[in-house]
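Got a predicted model here, sequence first, then my questions.
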Amino acid sequence: MRRFALEPLLRAGLIAGSVMLGLLPGYAHGQITPEAAKQIQNVIGEQADALTILGGDFGLASGNFKSTGTFKFEGNTDASLGLTKIGGTGEIGDPEPLGTLDIGFQPRLQGNIGFLDSTNYLHSPLLQGDISRLSGHEVEFGGGGRFWLTDRLSVAPTALALYGYMSNSYTANSTYMLMNLPRAKQLGLVDWNVNTLTLVTSLNVQYLISLNRAIITLSSEPIFFHTATLTSSNENLNVNGDAGSLVDKIDLDVPLGKELFGHELRTGGYISRTDLFGDLRSGLDVPYLYELHGRLVLDFLGQLWKLQWLGIGASYLRGPNISGWEVGADASFRF
């Protein structure tokens, strides 16, 4: 029962947390110094890179997050980030022999479209009442192949390109920012936009365990991201950096033997841990996330085009200073 065809998971969620921080330090009571500006530009670059990857890469979770704690520059913020993802990843067709080798091969595709819209209410003493807004969209696409070394063990290298656009608008209400807003715009600290291109490479390692009709899938996937700026509205602002993640997952798929609307019910889900590195870790201020996901779907295999199953899925996510949830459609296709 070698799997999988293209498996899109439609994810829509709302992230509410302190992933975007106050853009100006709480310790400078005069004008913005060049040293402070450089530090802030670096933080903006890290966060823009992290949010572009978070919104654009299919492998990273979306959700409704709530953060606690104090972050860079010792500033507090109430932040909401609406993040919607539509994408999928998987293999096409059945494994075919790879030349004379005792290895099966399937072409692999992956794609994702992401949209984000963030509003940040700043509460540091210097920036009390200011509002920073972010919006962006991302498109990711690429592919590779899955190599079946045995009937149970396989590896799947993948290479993708991720295009991202992000813009910031800033509403100044504090005395400090009303005085410094023209300078902040000149330095590229507020009211900016940037286009980026990210190279994404990954290696998915997967092992299958069959228990009657139930299937347990053990997988691990290191992912590397390298981001470069295509264009920027301000020469002082560039998004260039490296990031990474490691996703370890245990997935369970269980046919229930009961029908609803003429289709067999299936249940299952997964538990995973995602470790973040580079700009993802520093930009989001989150070193890792756990995700517990459950799903209930109807089996459509052989009954409706290439649809394998369709239903609903929900996740609870938790990490240091952050927790959240996501609910969305759970769909799988087999080609």
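Received, thanks.

For the closest residue to residue 270 other than its chain neighbours, what is the enclosing helix or strand?
The shortest distance from residue 270 to any residue other than its chain neighbours is 4.0 Å, reached at residue 251 (C-beta to C-beta, 6 or more residues apart in numbering). No exception for glycine: its C-beta is placed from N, CA and C like everyone else's. Secondary structure from DSSP states H and E places residue 251 in strand 241-260.

Keeping just the C-alphas, turn that strand into CSV.
Provided in CSV are the C-alpha atoms of strand 241-260 (Å, rounded to 0.1, in the frame of the first residue of the first chain):
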residue,chain,number,x,y,z
GLY,A,241,19.4,35.4,6.1
ASP,A,242,19.3,31.7,6.8
ALA,A,243,16.8,29.7,8.8
GLY,A,244,16.0,26.1,9.4
SER,A,245,13.5,23.7,11.0
LEU,A,246,13.4,20.1,12.0
VAL,A,247,9.9,18.4,12.0
ASP,A,248,9.6,15.0,13.8
LYS,A,249,6.1,13.5,13.5
ILE,A,250,4.2,10.4,14.4
ASP,A,251,1.0,10.0,12.3
LEU,A,252,-1.8,7.5,12.8
ASP,A,253,-4.5,6.6,10.2
VAL,A,254,-7.4,4.3,11.3
PRO,A,255,-10.3,3.2,9.1
LEU,A,256,-13.4,2.8,11.3
GLY,A,257,-15.4,0.3,9.3
LYS,A,258,-18.5,2.5,9.5
GLU,A,259,-20.1,4.5,6.8
LEU,A,260,-21.6,8.0,6.6
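
between the following helix or strand past that strand and strand 241-260, what angle do the directions make?
Next helix or strand after strand 241-260 toward the C-terminus (DSSP H and E): strand 263-278. Angle, strand 263-278 to strand 241-260, by axes from the mean of the first three to the mean of the last three C-alpha atoms, to 10 degrees: 170 degrees.

okay, now residue 278: neighbour count?
The burial count assigned to residue 278 is 20, neighbours taken as other C-beta atoms under 10 Å.
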